[in-house]
Structure formats: C-alpha cells, structure tokens
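> requesting a structural model of the entry that follows:
(chains A and B)
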Amino acid sequence: MIIELGHFALILAFGIALLQMVVPLVGAHKGWRGWMQFAEPAATSQFILVGFAFLALTWAFVTSDFSVQLVYLNSNSLKPMIYKISGVWGNHEGSLLLWVLILTLYGACAAWFGGNLPETLRARVLAVQAAVLVAFYMFILFTSNPFLRLDVAPFDGRDLNPLLQDPGLAFHPPFLYLGYVGLSMAYSFAVAALIEGRVDAAWGRWVRPWTLTAWMFLTVGIALGSWWAYYELGWGGFWFWDPVENASFMPWLIAAALLHCSIVVEKREALKSWTILLSILAFAFSLLGTFIVRSGVITSVHAFANDPTRGVYLLIILTVFVGGALTLYAARAPSMQAKGVFSIVSRESGIVLNNILLTVAALVVFVGTIWPLVAQMAFGRTLSVGPPFFNAAFTPFMMVVAVVMPIGGMVAWKRGSLRKAMALLWPALILAASIAALAYAIQTNRSALGPLGIFVGLWVVFGSAIDVWTRTGRGPIKGRLGRLTRLPRADWGKAVSHAGMGVTILGISMLLAWQQEDIRVAQVGDRWAVGTYEIELRSVENIPGANYASEIAEMAVYRNGTIEALVHPEKRFYVVAQMPTTEAAINNGFTRDVYLVIGDPQANGGYAIRTYIKPFANWIWGGAILMSLGGLLSLSDRRLRVAAGAARPNRDTVPAE
Amino acid sequence: MRRLALIALLLWSVPAFAVQPDEVLDNPALEARARMISAGLRCPVCRNENIDESNADISRDIRLMVRDLLVEGKSDEEVVDAIVARYGEFILLNPKTSGSNLILWLAGPAMLLAALGIGYATIRNRSQATPPESLTEDEQARLSEIMKS
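Model (predicted):
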C-alpha cells in the first residue's frame, strides 16, 4: 500500500510541475502577482511529494518487500541495513528517483531562499526548474518506474552488486547528484535571465552561491568515487579516465570555470554573455553525463544498470533543453552589453584565461570520451581511447592552469601589473623550485616528472599563502596577523581551495613518480622487503561474513625492525551474486600508504601477495577536501549572506522624514 | 609513439593487479618493458581495463604473448604491432596518431588556439572600449543630495 501511495505522490508531483512550468511564466509576462506567487507553494509541495515517494521506496528496501520488482532485483534480506538503504539508489530507477528528489530540493530552496530576487525573475527561475522536472518525471514514470510490483512475491532478493556494498560508494552517488543537479539552478537562472533580457551584477551574485554549492558537492562526489576505486578495486588506481568518470569530470571543470567568471559579472559587469553560455553548458554536460551513465552507449566499468532504449529518451531531453536554451541565447545574447572596461593585464583577463583553459580541457575530455563512438559511426574504425590519450592531451592543461593560477589570482582588477604580482610571488617561486630540486637530487630514479609536479604543486600552495598574507595590508606583523582572522571569508575560500588544488597535484605527481610495487608468492610465515619496509604474512583464515565468505590474512608491516602496523587484507566471495571482490588492506600514513592485497592460493601452497608503497597517496583526497572546504568558506561569506537578506536592510534605512 | 608510451608510463605507471607471480620475467629490464606495453593494451572482454589490471583469461594470454615476444628479442613497436595484427586496433588504449584519429589528437590544440584567439579579441575589445558614460550633472546633484541626507 505504501508503495502505491509513493507512486501516486510522484504522479501528483508531476501534475504540479506541469502547472508550475506554465502559470508563473504567464504571470511574469503579464505582471500578475498571484500567478507568479503560485510557484513557491508549488515548488515546496513537489519537494514534499517526491520526498514521500522516496521514503516509500526506501521503506520497501528496508523491510525487504520483495513484491516490489526493484527490491527483488537489487536487495537481499541478509544484506546489512546500511546497504539496504544505499541500495535504493544503487540501481537505475532508484537513482533516478534520487535525482528527481534532489532536483525538487533545489527548486524548493530557490523558493525558500529566493526572497531577495525580483519577483519576475524568481517566478521564471522556478518555472524553468519545473520544466526540467517535468521532463524527468515523464522519464521516470514512463520508462523507469521504481514502483512496479511483481505478481508473485519471491522468497528472497537477488542482492546488490557486491562492489556497491561499500561505505564509500554508498555516499558517492548522492553527493554526485547534488552536484550534477545543482547545476540545473545555474541553467534555470541563465534561461530566466535570457527570458527577462537582463543580466547585471545582482544576477551574478544570485547565481554564484548555487554554482558554488553544486561545484562543492561535485568535488566531494568525485573524490569519494576516486577514493573508493583506490581501496576497492585492488591495485590502488585512483582515476581511470573511464567514460563515466569523465561524465562527472566535465561538469566539474565547466562549473569551476563558471564559478570564476560569475565573479567578473558580479564585480565588473563584464563577460555576461559568456557566463550565460557557460551556465547552459554546465547543465548540458551534467545531462550528457546522465545520458552516458544511464544509456550505456559508451561501454564502461561503471555502467552497472543501464538500458539503451532509455538513452533515446535522455537524448531527447538533452536536445530539447540545451537546444532550446541555446536558441534563446542566440536571440538574446547580442543585447547584453558589457559595462566594465579592463586592460589586457588584469584580474579579468586572468579569469578569461582560466575559463579558456578549463573549458578547452573539458572539451578535450569530451572529444576523447565520444571519439570511439564517432570513429565507429563515421569512419568504421573500432578503437579505444584510454588513459594514455587523456594523460597526454589533458594533463598539460591542468599544469598550465596551476602555473598561471597564483599570478592570475594576484593581479589587480581592471588594470594590473605582472611585475607587481611577481614581486610578491617570488618567495613562492624560489621555495618551490628549491624543494623540487632537492627532491630531484635525493630520488633514486632519475625521473623529472615527480619534481616537476612538486614544483607546480608547491608553487600553487605557497602562492595561495602569499595571496592571503598580502590581503592583510602593510604594517607590523602582529597587526597583520590580527587582520588575517578578519579577512572576508571569500578571500580565505579562494586561498584554501587554490591550495587544495596544489595539494592534489602534489599527491598525484609524487604517487605516480615514486610508487613501489612487489608481486610474489608468499608462504605463511614469510617475510620480505619492499623499499624501506618489510612485510610479513602471519596467517590466513576463512571467516564467514554477513552475506559473503571471506579469506582474511594477517600481515605485519615492519620498518627498521620494529612493527609499524598489523593489517588484514581480505578476499571475499559474495554468495548470492556469485562474485569475488578484493578488500585491500591499507595502512594509511601522512607521507605514504602501505597497500596490501591478497590474491589466489597457489598450487604449491602459499598466496599471491601484492605490496605497494604509495607515497603521499592521501594528499590527493586531502586536496579535494581542501577544495570543497574553500567552497564552503566562500559560501559563508558575509557578502552572500547579506545578499540573501538584502530586502531587509532597505526597510531599516528609510530616513525618517 | 615510443615517447608517448613513455610519457604515459611516467604519468600513469599503473601496476599490475592481475599479473600473476609466475608471469613475471626474471630480467627486470624486460619486465619493465612488458609492463609499459601492457598498460597501453586493453582487455578485449572487459570494460575499459588494461590487461595488467584485468583478471580475464584472455588478458593473461596477451600478457604472456607480450613477454614471449620480448624474450624473442622483438622491439616494443614490433610487439605492439603483432598484438594489434591479432586483436585489432580496439586493443590499443592509446589511439594511433594516423588517419581520422588526427582529428582526435589535434582537437585539443586547435580548440585552444581558437579559444585563445577569441579570448584575446574580447579582452582587446574590452580594453579599448569607452567606459560607460558618467552621470549627468542633474544625476550628480541628485546623488550628492541623497548622500547628504
């Protein structure tokens, strides 16, 4: 019964979205307040209804109601509770429902916190948001209904893909979707502004927090996915340039570009038309990502649940929304006059360069991702585009971004001087270069790439520190330290997230340059050396888990003769899904991870054991955490908080006449 | 080709997940070359995994074939050519830089040049534009009046 109620709530929400798509638009056009105000309760009630539908589905999973087809296909009564819940979005239909839920959440947030927006703009934003929702309600109700029942309820379910039964992956999709879907707000604002025919500094200020939120969640989501791959897939890779990873990475790059150029709109009223275009592109890429993941058109390790026929529908959504917005853009963009004037060397130009690099980098990833498809259809060549291509074609862009970042971030607005910026930055340059030279001197293999990465990473980190320090002005150090704590949070946000990017670069380059590996057959009791560490295989036991059988080893990690850690790598076999997984044991450290994997038992006794020493691996995700933390700091800046309540101070300052 | 493979290796030295201890060659230099070649070869039956990471039997066959050819004294190019001849171009993770693939490889630089051109034109345009008109005298007077009150 609850399932049917959930289904009904979803249909009801669809009906409301249809109204919300039309009524406020008409109201805004005719200037009818009542019609415009319809959008707010409509957005709120959509969120409540879809929330109820989602809870209903979750209930079916939690109680293992196998009369629901989706639950039968993706759950099992033996599964631990947390994976029963995460199983709700571990499949196509459920993940789509989550997508729609988040979309309604953003719509409701726009209604709740949009009090300072002009009435017509808010009505139009909510109407566009409802239009996106209508498309997805139709998709979910007509092609991917999660609420279908089975005629005969089976005794037990088929279980979730074991790879997905993991804490990292349980929370990876919700964060990713919060990011993907958050970009729909930038899209709605852009289309609403195009309909309105007005883009000004205020618009830049309104759209920025939404983009920032989406970008932050995307960062966390991508980092979680990469971290999961690192510890779960069993060889410690953290990025594979898989089509589905690319699908989340492209919107991230575009959102990062959008984040920066909306600052120019806000502060200088320039680059307006470009910002609008980027807003449309950002959401286009997140729709494209959904298409890639859900249609399975481009084969990928990640496409756990997909169906080509659904791809057609998604392609239609993509064409209608992107095509429609671009048509509107073509019609209205020429009327958007830029106001701010800036010279060739200026912060504005730095941001233009940032946008060029990030956007072209995203397009390179895009071309590489769809090239196998294009080559097959247009040239009849069946080929692959893998990591070697992306490393060669994409990495240079990020390196240039990182090299330019500290300088671009220091040059003054409007009219700047490269000499002045460099005069402040030279300590960072020298320090980074000397540490990189030191690293080059003490490394064992003569690779230049590790030190190069160290140089670039440190240059970014030190550059951000100098940037923050310069913002405190002149005077005695004590006064400047005091001012440091009172800097606007946006300044801190910028420094922290830029530094985070540097830290990630450091982590990636050191890991790739100096990783050590050892593969061998070891008997219980064997002890062997890998780098400066010694590893001992102490025992191997068979232990049954909740819904799997496990072969678990105890291994000791020694350094300089003393024991550093006891770790337990596992090999699991999930009985219902008939699938083995490896659970690597990782001894995490600030400067290195010791990564141990136990393989198959060998014919002549003993086990295949893989040992990796991965220097600075955690810095990769540490950097991602810093990046999103920077976003959070910037989001909490007074400027944005004040803007959120901008209607109030006006009333207070009306002079007493 | 060789340089690209080298760059790929340096940037992405993916270690073997599924390389079994019995496959590893005694000669470390040959083994390193085998690894470098393997990282650029795709497992034909998996989804987007190279043969070093894959657990599939066919990947093991290809790994052994790479090593056999290396032991015979073939060069890296010859080994890769032999494998492509047998399994097709699909197996190359690093797409060839020939024929229609030139579009793929040149797309990035071409787009960058175009974007830089457009960006430069825009910036120059902005730097030569006249700033928006300042306030008229009436507006100025009205403004100072507001500021005073």
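> for the rest of this, base every contact and every neighbour count on C-alpha atoms.
Fine.
> name the next helix or strand downstream of the one helix or strand residue A:595 maps to, please.
Residue A:595 belongs to strand A:592-601 when assigned by DSSP states H and E. Where DSSP H and E defines the elements, the next helix or strand beyond strand A:592-601 is strand A:607-615.
> what about the helix or strand following that following strand, near chain B?
Beyond strand A:607-615 in the direction of the C-terminus, DSSP H and E gives the next helix or strand as helix A:618-635. No - with C-alpha under 8 Å from any C-alpha of the partner chain as the criterion, chain B is not reached by helix A:618-635; the gap is at least 14.6 Å.
> burial of the residue nearest to residue A:209 when sequence neighbours are not counted, as a residue count?
Distances taken as C-alpha to C-alpha, 6 or more residues apart in numbering or on different chains put residue A:635 closest to residue A:209, at 6.2 Å, once the chain neighbours are dropped. Per other C-alpha atoms under 10 Å in any protein chain shown, the neighbour tally for residue A:635 reads 21.
> now for the spatially most central residue of chain A: which residues touch it?
Here the mean C-alpha position of chain A is nearest to the C-alpha of residue A:218 (C-alpha atoms, centre = their mean), at a distance of 1.9 Å. The contact partners of residue A:218, taken as C-alpha atoms under 8 Å, 6 or more residues apart in numbering or on different chains, are A:175-180, A:248, A:252.
> just the residues you listed: which are in helices?
Mapping those onto helices (DSSP state H) picks out A:175-180, A:248, A:252.
> what subset of those residues is buried?
A:175-180, A:248, A:252 (16 or more other C-alpha atoms under 10 Å in any protein chain shown).
> sticking with the nearest residue to residue A:111 once chain neighbours are set aside, tell me its helix or strand.
Spatial nearest neighbour of residue A:111, excluding adjacent residues (C-alpha to C-alpha, 6+ apart): residue A:40 at 5.2 Å. Assigned by DSSP H and E, residue A:40 belongs to helix A:39-62.
> as JSON lines, the ones in helices among the contacts of residue A:218 with pLDDT would be great.
Formatted as JSON lines, those follow (pLDDT from 0 to 100):
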{"residue": "A:175", "pLDDT": "93"}
{"residue": "A:176", "pLDDT": "91"}
{"residue": "A:177", "pLDDT": "92"}
{"residue": "A:178", "pLDDT": "94"}
{"residue": "A:179", "pLDDT": "93"}
{"residue": "A:180", "pLDDT": "90"}
{"residue": "A:248", "pLDDT": "92"}
{"residue": "A:252", "pLDDT": "96"}
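> distance to residue A:384 added to those residues, as CSV?
Conversion of the ones in helices among the contacts of residue A:218 to CSV gives the following (distance: C-alpha to C-alpha, whole Å):
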residue, distance to residue A:384
A:175, 30
A:176, 26
A:177, 28
A:178, 31
A:179, 29
A:180, 27
A:248, 20
A:252, 24
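> okay, those in JSON lines with distance to chain B next?
Formatted as JSON lines, the ones in helices among the contacts of residue A:218 follow (distance: C-alpha to the nearest C-alpha, whole Å):
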{"residue": "A:175", "distance to chain B": "24"}
{"residue": "A:176", "distance to chain B": "21"}
{"residue": "A:177", "distance to chain B": "23"}
{"residue": "A:178", "distance to chain B": "27"}
{"residue": "A:179", "distance to chain B": "25"}
{"residue": "A:180", "distance to chain B": "24"}
{"residue": "A:248", "distance to chain B": "17"}
{"residue": "A:252", "distance to chain B": "18"}
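> distance from the chain centre to stretch A:169-182, please.
Chain-centre distance of stretch A:169-182: 7 Å, with C-alpha atoms, centre = their mean, to the nearest Å.
> do stretch A:364-376 as well
Worked out by C-alpha atoms, centre = their mean, stretch A:364-376 lies 22 Å from the chain centre.
> now do stretch A:461-470
That offset, for stretch A:461-470, works out to 26 Å (C-alpha atoms, centre = their mean).
> stretch A:454-464 too?
23 Å.
> shouldn't residue A:450 be in contact with residue A:512?
Yes - counting by C-alpha atoms under 8 Å, residue A:450 does reach residue A:512; the two are 7.5 Å apart.
> give me the contact list for stretch A:489-503.
Against stretch A:489-503 from outside (C-alpha under 8 Å, 6+ apart): A:402, A:405, A:456-462, A:464-465, A:467-468, A:619-620, A:622-638.
> picking that back up, buried stuff in the strand holding residue A:595?
Quick answer for strand A:592-601 (16+ other C-alpha under 10 Å): A:592-599.
> widest-spaced pair of these?
A:592 and A:599 (22.4 Å; C-alpha to C-alpha).
> residues in contact with stretch A:191-204?
With C-alpha under 8 Å, 6+ apart, stretch A:191-204 has contacts from A:121, A:124-125, A:128, A:262-263, A:265-269, A:272, A:280, A:325, A:328-329, A:332-333, A:335-336.
> in contact with residue A:590, which residues?
A:616, A:618-619.
> now do the phi/psi pair for residue A:424.
Torsion angles at residue A:424 (phi, psi; degrees, to the nearest 10) stand at phi -80, psi -30.
> can you get me a residue count around the closest residue to it other than its chain neighbours?
Using C-alpha to C-alpha, 6+ apart and skipping residues adjacent in sequence, the residue nearest residue A:424 is residue A:466, 7.4 Å away. If you count neighbours by other C-alpha under 10 Å, residue A:466 ends up with 19.
> of the contacts of residue A:590, just say which sits nearest to residue A:27.
Residue A:27 lies nearest to residue A:619 out of the contacts of residue A:590, by C-alpha to C-alpha, at 51.8 Å.
> read off the pLDDT value for that closest one.
Listed pLDDT for residue A:619 reads 95.
> hmm, back to that, what residues are up against the residue nearest to residue A:209?
If you count contacts by C-alpha under 8 Å, 6+ apart, then residue A:635 has A:209, A:212-213, A:490 around it.
> kindly export the strand holding residue A:595 (C-alpha atoms) in CSV.
Output in CSV follows, covering the C-alpha atoms of strand A:592-601 (Å, rounded to 0.1, in the frame of the first residue of the first chain):
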residue,chain,number,x,y,z
ARG,A,592,52.8,7.1,2.4
ASP,A,593,50.3,4.3,2.3
VAL,A,594,51.3,0.7,2.6
TYR,A,595,48.8,-1.1,0.3
LEU,A,596,48.5,-4.9,0.6
VAL,A,597,46.4,-7.2,-1.5
ILE,A,598,46.0,-11.0,-1.0
GLY,A,599,45.4,-13.0,-4.2
ASP,A,600,44.6,-16.6,-5.1
PRO,A,601,46.1,-19.5,-3.2
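> residues touching that strand, excluding its own?
With contact meaning C-alpha under 8 Å, 6+ apart, strand A:592-601 is reached by A:234-236, A:553, A:569-571, A:582-588, A:607-618.
> filter these down to the buried ones.
Buried among those (16+ other C-alpha under 10 Å): A:234-236, A:553, A:569-571, A:582-587, A:607-618.
> pLDDT weak spots in chain B?
Along chain B, the parts satisfying pLDDT under 70 run over B:1-18, B:130-135, B:149.
> how is it divided into domains?
What automatic domain parsing lists as the domains of chain B is B:2-91, B:101-148.
> may I see those organised as JSON lines, with mean neighbour count and distance to chain A added?
Output for the domains of chain B, formatted as JSON lines (neighbours: other C-alpha atoms under 10 Å in any protein chain shown; distance: least, C-alpha to the nearest C-alpha, whole Å):
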{"stretch": "domain B:2-91", "mean neighbour count": "18", "distance to chain A": "4"}
{"stretch": "domain B:101-148", "mean neighbour count": "14", "distance to chain A": "4"}
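> so can I have TSV of these showing distance to residue A:97?
Shown next, in TSV, are those (distance: least, C-alpha to C-alpha, whole Å):
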stretch	distance to residue A:97
domain B:2-91	27
domain B:101-148	36
